[in-house]
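Engineer: Build me a model from this:
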Amino acid sequence: MKHARRPSPGIDIRGPRRRGAIAVLAMIGLLVAGMISTTLVRLAVTRHRQVEHEALRLQSEWLAEAGLERAAARLAAASAPAEYGGETWPVAAANLGRGQAGRVTITVEPARDGSQYRVTAVADYPADGSRRARARRSAAVTAPSR
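Structural biologist: Coordinates of the predicted model:
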């Protein structure tokens, strides 16, 4: 009968190797969890930037529409519509509710027949800054009859 070899007392052959393998697996698990967390944070930041840009774009579109309405009202109120050639309209931040000012550049050009005007409004929001949105709207406005 063969006898199994017994290790010396106090020495466990599998102990240190097993602990080392568990440590390696734990580090790999932490590395994977860190990579997943980093990816999720990057996705969240990207989505936040997209939402912010969309908000700026929508605000600039609304400002451009307001610019067209402002030009139509100015043409209707003018004693001689040909006198109103447009303007640069600074929109105060307090009027927009987002803490940033906007700017609308309105141009008015008379049509060939003189009964209509071509109005173009270009809105920048925010008015200054590296991250801004621009919207352009054009419309034909009939001159008021006097």
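
Engineer: Sticking with the closest residue to residue 98 other than its chain neighbours, tell me its helix or strand.
Structural biologist: Distances taken as Cβ to Cβ, 6 or more residues apart in numbering place residue 59 nearest to residue 98, at 6.8 Å, with adjacent residues excluded. C-beta coordinates here come from the backbone N, C-alpha and C atoms, glycine included. Assigned by DSSP states H and E, residue 59 belongs to helix 14-77.

Engineer: Can you name the next helix or strand after that helix?
Structural biologist: Using DSSP H and E, the first helix or strand after helix 14-77 is strand 86-91.

Engineer: From the contact counts, what lies against that next one?
Structural biologist: helix 14-77, strand 102-110 (3 or more Cβ pairs under 8 Å, 6 or more residues apart in numbering; DSSP states H and E).

Engineer: try 10 Å
Structural biologist: Applying 3 or more Cβ pairs under 10 Å, 6 or more residues apart in numbering; DSSP states H and E, one finds that strand 86-91 makes contact with helix 14-77, strand 102-110, strand 116-125.
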